[in-house]
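Colleague: dropping a prediction and its sequence here:
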Amino acid sequence: MLREYLVSLLLFLCVNLSLAKSYSKGDFIPVLYNKIFSTKTQRPHSFTELSFICPPYTEHSWQNHPRRKSWLVIDQDLRGDRLIESDYKLNVLENKQCETLCAKPWTVGDSMQAMDLIKKDYQVEWWFDDLPGATASYTNNVKTRVYRAGFPLGQIKNDKIYINNHVTFNIIYVAEPSDPSRIEIKGFEVYPDSIAETQCQRTSMDYMKQEITERRSMVSFTYSVKWTEMKQLVPSNRWDTYILPPNPDPHVYSTINGVIVSLVLSVILAVVLLKTRRRDSTSNNSDDVNGKLVDEYEDVVGWRLIHRDVFRRPLYGGLLAPILGIGSQFLVVALTLLGALLCQQVHPAKPSSLLTCGMTTFLLTGFIGGFSSARIYKTFRGKSWLLNAFLTATVVPGGTMAFISALSFMAWSQQSSLAISFNGWMMVAVLWMAVLLPGIVLGSYMGNQRDPIEHPVRPTQMPRIIPRKRWYQTYTASILLGGLVPFVVSFIDLYDIFRFAWQGELYWSSRYVALACLLMALSTSMVTVVLVFFQLCSEDYHWWWMSFAIGSGSSIYVFGYAIVYYLLNTEIQGVFGALMYLVYMLLACGILGLCTGTAGFFSAYMVVRKIYSAVKVD
């Protein structure tokens, strides 16, 4: 009952509260400036910090509009969002033609800045009714309207650079069935154009564009508004238009491959379990003298020989427990995100919803991390549960914040909006001290109150000497082999995720992603169990850390694939873009390794306990 309540609570907290609102005719809806971004530089900037645009001023004050922040703040900072209300006047169902926003005098510096940004293919992102401005496109593969967030800042034709100083807003809406006088907005399309002074009211197809020259000039910014009612089939979710349907064939082949791999591993695991139990049964029930001699010989060979060492406390167990505690917490976050995606509580096309849901879940599940860490720590005969709780709350979160701080410092050096704001850092400190740390301490206290987990065999005081291994029995070989299998299972979906994250192309199917994650988790757990058993058969009882390392081995391949993807598929230019890519992928692969490593550890732990619980050893 408690588990069902916790899952329901987390899904409720992750509900996308920014669902489509209804409006009446004449209602004012602001257009929010956000940022400019480029897949070539990976360095977004706040739109309002550009010197050559119309600054947002109120009608009765010279001060700028305040920034619109989410309650977390840092979730917007991590994406470089800086939402500030503009002076565009958009009223519901009121069409406009060639309205002037402002006439902006440009200096030579303004012109040079605009030319540089247009050459780097910067796109503009504005928001309207919680939707990003997008350009609609049609392709041979997709016959319906498909959106891609952002629109070009300018254009280059015949070696001349033009600024897009005119925008046409095409707002797609539907009437409410219960009240036709009210509408819901389903799409926000922005079509930019470059129009020279006094050319806004075009009378022909041939018109002059606003060219950028290296001298002082005056640039007029204008806009038009068109409200279009959607007559055809209305999508169930207005964010679905931002998703491109993936090609099902590669995913089907990948799923079949993953199922086959999982079945093979499950057969191997079943044979291992059955063989160990059969040997134990034979050794206790056989009446044949020769049979007894054989069974007694088998009892002291391989994994049975180390039965008094297999549950020996691992080296640096005080560090392993906090890592596994936070890993358990990240596993809950991953399961919650998958559940929210499948239940359509969050949408992949809106990254802020995924990020907010994940961070909220992580903050509220500190009890789980602390409890898991304390139980493992007490099993390792740890003495100071409070120190363990502090390490749980600082080791992995501190490392994560170190990566984020490096990202923020690099962004600040480049005057990018990815730099964490002061309010963002303050919110991180407040949430850590007021939410995460108390939750972990409470969970650690409750876990410490429980009796330690008793192992079926007590270790001796003197550890055994581990025999010399062959090359294929080494730790490195096990980690590389253990990581390869889950990586192969999830390779196709990784390509789609990388394409969305670094190229802005969202090919997505929640069912394919959920199935790939399930197969990856199963293959990780089973291959970890099999390789740990082989390690025990080679009389090596240092399996605690190895089970975590084997489980997290897939993150090594993901990082290697990220490097290959950067070299072959991305258009990222410059040292800053490469460093940002590297740090982001290190952080993402680290979190992935925590999740898979924790899953591998607990799977191996349960099977090892089961094997040695069933064995009767004198």
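Modeller: Sure, I can see it. Numbers count the residues shown, from 1 in each chain.
Colleague: and the pLDDT for Tyr507?
Modeller: The score at Tyr507 is 75. That number is its pLDDT.
Colleague: what about the nearest residue to it once chain neighbours are set aside, which SS state?
Modeller: Residue nearest to Tyr507 in three dimensions, not counting chain neighbours: Pro246, with 4.2 Å by C-beta to C-beta, 6 or more residues apart in numbering. C-beta: built from backbone N, CA, C; applies to glycine. Here Pro246 is recorded as coil under DSSP: H, G, I helix; E, B strand; the rest coil.
Colleague: give me the helices and strands touching whichever strand or helix holds Gly325, please.
Modeller: Using DSSP states H and E, Gly325 maps to helix 317-342. When contacts are defined as 3 or more C-beta pairs under 8 Å, 6 or more residues apart in numbering; DSSP states H and E, helix 317-342 sits against helix 2-13, helix 351-364, helix 366-379, helix 385-413, helix 510-537, helix 544-551, helix 574-614.
Colleague: which residues are contacting the third one?
Modeller: When you say that, I think you mean helix 366-379. 317-318, 320-322, 324-326, 328-329, 332, 385, 388-389, 392-393, 435-448, 450, 452-453 (C-beta atoms under 8 Å, 6 or more residues apart in numbering).
Colleague: please repeat the previous calculation with a cut-off of 7 Å.
Modeller: 318, 321-322, 324-326, 328-329, 332, 385, 388-389, 392, 435-436, 439-444, 446-448, 450, 452-453 (C-beta atoms under 7 Å, 6 or more residues apart in numbering).
Colleague: for Leu515, give me its contacts.
Modeller: Thr255.
Colleague: before we move on, the earlier item: what are the buried residues along the helix holding Gly325?
Modeller: Judged by neighbour count using 16 or more other C-beta atoms under 10 Å, the buried positions of helix 317-342 are 317-318, 320-337, 339-341.
Colleague: so Glu99 lies in a strand, does it not?
Modeller: Yes - under three-state DSSP, Glu99 falls within a strand.
Colleague: which residues does it bridge with?
Modeller: Tyr223 (DSSP bridges).
Colleague: count the neighbours of the residue nearest to Gly366 when sequence neighbours are not counted for me.
Modeller: Nearest non-adjacent residue to Gly366, counting by C-beta to C-beta, 6+ apart: Gly439, 2.7 Å away. Look at Gly439: counted by other C-beta atoms under 10 Å, it has 21 neighbours.
Colleague: what about Gly439, which helix or strand?
Modeller: Applying DSSP H and E, one finds Gly439 within helix 437-449.
Colleague: repeat for Leu431
Modeller: Judged by DSSP H and E, Leu431 forms part of helix 422-431.
Colleague: what mean pLDDT does that helix get?
Modeller: Mean per-residue pLDDT for helix 422-431: 92.
Colleague: for stretch 532-543, same thing?
Modeller: 90.
Colleague: repeat for stretch 25-34
Modeller: Rounded mean pLDDT across stretch 25-34 is 93.
Colleague: list the buried residues in that stretch.
Modeller: Those would be 29-34, for stretch 25-34 by 16+ other C-beta under 10 Å.
Colleague: residue contacts, the residue nearest to Gly366?
Modeller: Applying C-beta under 7 Å, 6+ apart, the residues contacting Gly439 are 366-367, 370.
Colleague: rebuild those residues as CSV, extending it with neighbour count and pLDDT.
Modeller: Listed next are these as CSV, based on neighbours: other C-beta atoms under 10 Å; pLDDT from 0 to 100:
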residue, neighbour count, pLDDT
Gly366, 27, 93
Phe367, 20, 95
Gly370, 33, 95
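Colleague: so Pro467: helix, strand or coil?
Modeller: Note that with three-state DSSP, the state of Pro467 is coil.
Colleague: before we move on, what SS does the nearest residue to it once chain neighbours are set aside have?
Modeller: Nearest non-adjacent residue to Pro467, counting by C-beta to C-beta, 6+ apart: Glu539, 5.4 Å away. With three-state DSSP as the basis, Glu539 sits in coil.
Colleague: ok, now how distant is Glu539 from Ser555?
Modeller: Per C-beta to C-beta, to the nearest Å, Glu539 is found 29 Å from Ser555.
Colleague: next one: Asp249
Modeller: 27 Å.
Colleague: who's more crowded, the two?
Modeller: Taking neighbours as other C-beta under 10 Å, Asp249 and Ser555 compare with Ser555 leading, 23 against 9.
Colleague: quick one: the more buried one and Leu594 touch, right?
Modeller: No - here Ser555 lies out of contact with Leu594, judged by C-beta atoms under 7 Å, at a distance of 8.5 Å.
Colleague: next, count neighbours for Tyr191.
Modeller: Neighbour tally, Tyr191, other C-beta under 10 Å: 16.
Colleague: show me what counts as buried in the helix holding Gly439.
Modeller: 437, 439-441, 443-445, 447-448.
Colleague: could these go into TSV alongside distance to Gly398 and pLDDT?
Modeller: Formatted as TSV, the buried residues of helix 437-449 follow (distance: C-beta to C-beta, whole Å; pLDDT from 0 to 100):
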residue	distance to Gly398	pLDDT
Leu437	12	95
Gly439	16	95
Ile440	13	96
Val441	16	95
Gly443	18	95
Ser444	17	94
Tyr445	21	94
Gly447	21	92
Asn448	22	91
